[in-house]
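>>> task: produce atomic coordinates for the following.
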Amino acid sequence: MSTTIQAASGTAIHPAQRFAPRRSASTVRARTAVTSGTDTPRSQKEAATFADPGLTAREIAVLDAWLRCDSKQEVCAVLHIALGTVNTHLTRIRAKYATVGRAAPTKASLVARALQDGLVTLDDL
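Prediction:
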């Protein structure tokens, strides 16, 4: 019984490597952490290329609280506002992102948008 498999490229690989990622973790980290020849992280450079949704300071505060809290009721308690107010702010935030072509229909997508725009960092979450 053979312990190697013939890959599509014609090279022999071990069966355990058949589903292995093609790039090593260090290669991915190197590509995403710093671009060649600069000290600026790639995420900071990319943040400037996204369309600005034009969120107000209060919308940013509600978004930040909602991303940190487990529920909208908790946001209400933290910011001392009604549930309807939280829902209105989140609806307007989503509408503003959709207007600039960066739809965010879910909480996960709002997390991604906030990270892209530099409103929160991974350490904040």
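>>> quick one, what contacts L55?
Counting by CB atoms under 8 Å, 6 or more residues apart in numbering, L55 touches 63, 93, 96, 119. Every C-beta, even on glycine, is put in place using the N, C-alpha and C of the backbone.
>>> from these, which two are the most distant?
Pairwise distances across the contacts of L55 (CB to CB) peak at 12.7 Å, for the pair K96 and L119.
>>> distance to C69, secondary structure and pLDDT added to the contacts of L55, as JSON lines?
As requested, the contacts of L55 are exported to JSON lines (distance: CB to CB, whole Å; DSSP: H, G, I helix; E, B strand; the rest coil; pLDDT from 0 to 100):
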{"residue": "L63", "distance to C69": "11", "secondary structure": "helix", "pLDDT": "93"}
{"residue": "I93", "distance to C69": "15", "secondary structure": "helix", "pLDDT": "94"}
{"residue": "K96", "distance to C69": "21", "secondary structure": "helix", "pLDDT": "93"}
{"residue": "L119", "distance to C69": "15", "secondary structure": "coil", "pLDDT": "88"}
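>>> of these - the most surrounded one?
Tallying neighbours with other CB atoms under 10 Å puts L63 at the head of the contacts of L55, with 24 neighbours.
>>> leaving out the residues flanking it, which one is nearest to that residue?
I93 (5.7 Å; CB to CB, 6 or more residues apart in numbering).
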